[in-house]
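Here is a sequence with its predicted model. Questions after.
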Amino acid sequence: MDYLNARLGAIFNRGLVNVIIAFSATLFCCSTFAQSETIAFESLSPEVQDTLSPFADNWDKINPRRQKTLVKISQEADPDMRKRIKRHANHWKGLPKEERKKVRKTMRKFENLPPHKREKLRQHWNNMPAEKRRIIDRTFDHYEQLPAQKQNEIREKVRSMSPQERREVVKEINRQIDRSEAAKEKGRGKGSQQLKLEK
């Protein structure tokens, strides 16, 4: 749990974090579609409707460009990714209003960055070793499944850290991920390894 707390600290208190960028930028940013007609939710395929079901109640209020982005992502996603999209969307729906405002504010900062800086952040995520991305994804998925009270405790703990403490936690997590990858390459790592912060 210490690993989770520390990792989530890194995730929730960075300005433009990799996980939020990877998911939210894809899911919530405006796309380059030219058409502005809304899409009737009922006209979507059953798979896409299921994936986007957390948005169903407010579908008509979503910007048409974002609707198209959501539909395109859902259509192109494999079954596992569709489950993740749905889980993330449900998590978004369950976030307190204040937290959603903070995420939106972060996304606006991202959207207002010069294109080369946005691209640099995307490349940073894409160039990250697959194992590190999987660990971040699993951690974020696990966090989303925690009770709301536990999520709030984690967020408050992270907020109370100084920037230096957060940087140290991130460095330690990266060291542990690197050790985990090295162990797997040497054949010593069997199955899914759980990382724990060493104190």
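That came through fine. Numbering: from 1, shown residues only.

give me the element residue 161 is part of.
Using DSSP states H and E, residue 161 falls within no helix or strand.

phi, psi of it?
Backbone torsions for residue 161, taken as degrees, to the nearest 10, come to phi -80, psi 150.

Correct me if wrong: it contacts residue 169.
Yes. Counting by CB atoms under 8 Å, residue 161 does reach residue 169; the two are 7.3 Å apart. C-beta coordinates here come from the backbone N, C-alpha and C atoms, glycine included.

ok, the two, which is more surrounded?
A direct count of neighbours by other CB atoms under 10 Å for residue 161 and residue 169 places residue 169 higher, at 22 against 16.

Quick check: pLDDT value at that one.
As predicted, residue 169 sits at a pLDDT of 79.

mind listing the helices for this protein?
Secondary structure of the chain by DSSP state H: the helices cover 2-13, 18-20, 26-28, 46-51, 64-76, 79-94, 97-112, 115-127, 130-145, 148-159, 163-185.

Among those helices, which comes closest to residue 39?
Distance to residue 39, taken as CB to CB, is lowest for helix 64-76 among those, at 4.9 Å.

Could you count how many residues lie near the nearest residue in space to residue 93 that is not next to it in sequence?
Of all residues not flanking residue 93 in the chain, residue 54 sits nearest, at 5.2 Å (CB to CB, 6 or more residues apart in numbering). Residue 54: 17 surrounding residues under other CB under 10 Å.

go on, the one 3 residues further on?
Residue 57 has 10 neighbouring residues, counting by other CB under 10 Å.

Relative to residue 41, how far out is it?
Residue 57 sits 10 Å away from residue 41 when distances are taken as CB to CB, to the nearest Å.

ok, now residue 58?
Taking CB to CB, one finds residue 58 at 10 Å from residue 41.

These two: who's more crowded?
residue 41 (19 against 10).

What sits closest to that one if chain neighbours are left out?
Closest to residue 41 by CB to CB, 6+ apart is residue 59, at 4.4 Å.

residues touching the one you found, list them.
41, 52, 67 (CB atoms under 8 Å, 6 or more residues apart in numbering).

Make CSV from those and add pLDDT and distance to residue 138 to it.
Conversion of the contacts of residue 59 to CSV gives the following (pLDDT from 0 to 100; distance: CB to CB, whole Å):
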residue, pLDDT, distance to residue 138
41, 92, 31
52, 93, 23
67, 91, 29
